[in-house]
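Chemist: I'd like to go over a predicted model; first the sequence, then the structure.
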Amino acid sequence: MFDETFHGYYIHGRSPYGQAEVSMEKLALALEFEASGKAHIRGMHDKYPTMQTFEIFISNDLMTSYRRDYLQQVKTKIQAQE
């Protein structure tokens, strides 16, 4: 999510359960498993196991590539759904 041209936030949001959409029963069991300390970490690094949100600063070249490549793919997928 960019709030300025070259500044934004990256939300890692990894699910340690292998999927994001589950029943309430499975969610409750998964949360209990995580609370027991047996689940994989959610963060990107063992040193910061709970950190999932990162402030980012990118270069002009990276922003140009992002707009050209990624946003074009998103636009193509949206048009295909219409």
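Modeler: Sure thing, it's come through. Residues are numbered from 1 along each chain as shown.

Chemist: contacting residues around the nearest residue to S59 once chain neighbours are set aside?
Modeler: Among residues not flanking S59 along the chain, F6 sits closest, at 7.2 Å (CB to CB, 6 or more residues apart in numbering). Where C-beta positions appear, they are placed from N, C-alpha and C, glycine not excepted. Neighbouring residues of F6 by CB atoms under 8 Å, 6 or more residues apart in numbering: 57-60, 63.

Chemist: per-residue confidence for S65?
Modeler: pLDDT for S65: 92.

Chemist: Which strand or helix spans it?
Modeler: In the assignment (DSSP states H and E), S65 maps to helix 60-65.

Chemist: Can you name the element that comes right after that helix?
Modeler: Immediately after helix 60-65, counting by DSSP H and E, sits helix 71-81.

Chemist: Report the rounded mean pLDDT for stretch 5-20.
Modeler: 77.

Chemist: Of all residues in the protein, which one is nearest the centre?
Modeler: Centroid-nearest residue in the chain: H12, 3.3 Å away (criterion: CA atoms, centre = their mean).

Chemist: Am I right that that one is in contact with Q52?
Modeler: Yes: proximity of H12 to Q52 meets the contact threshold set by CB atoms under 8 Å, at 4.4 Å.

Chemist: what are the phi and psi values for the residue nearest to S59?
Modeler: phi -120, psi 10 (degrees, to the nearest 10).

Chemist: Next: I11.
Modeler: phi -110, psi 110.

Chemist: quick one: contacts of the helix or strand harbouring I56?
Modeler: If you go by DSSP H and E, I56 is part of strand 53-57. If you take CB under 8 Å, 6+ apart as the criterion, strand 53-57 is touched by 6-12.

Chemist: In the residues you listed, which residue is surrounded by the most others?
Modeler: When neighbours are counted by other CB atoms under 10 Å, G8 leads the contacts of strand 53-57 with 15 neighbours.

Chemist: quick one on the thing from earlier: quick one: strands adjacent to the strand holding I56?
Modeler: Partners of strand 53-57 in the sheet, by DSSP bridges, are strand 7-11 (antiparallel).
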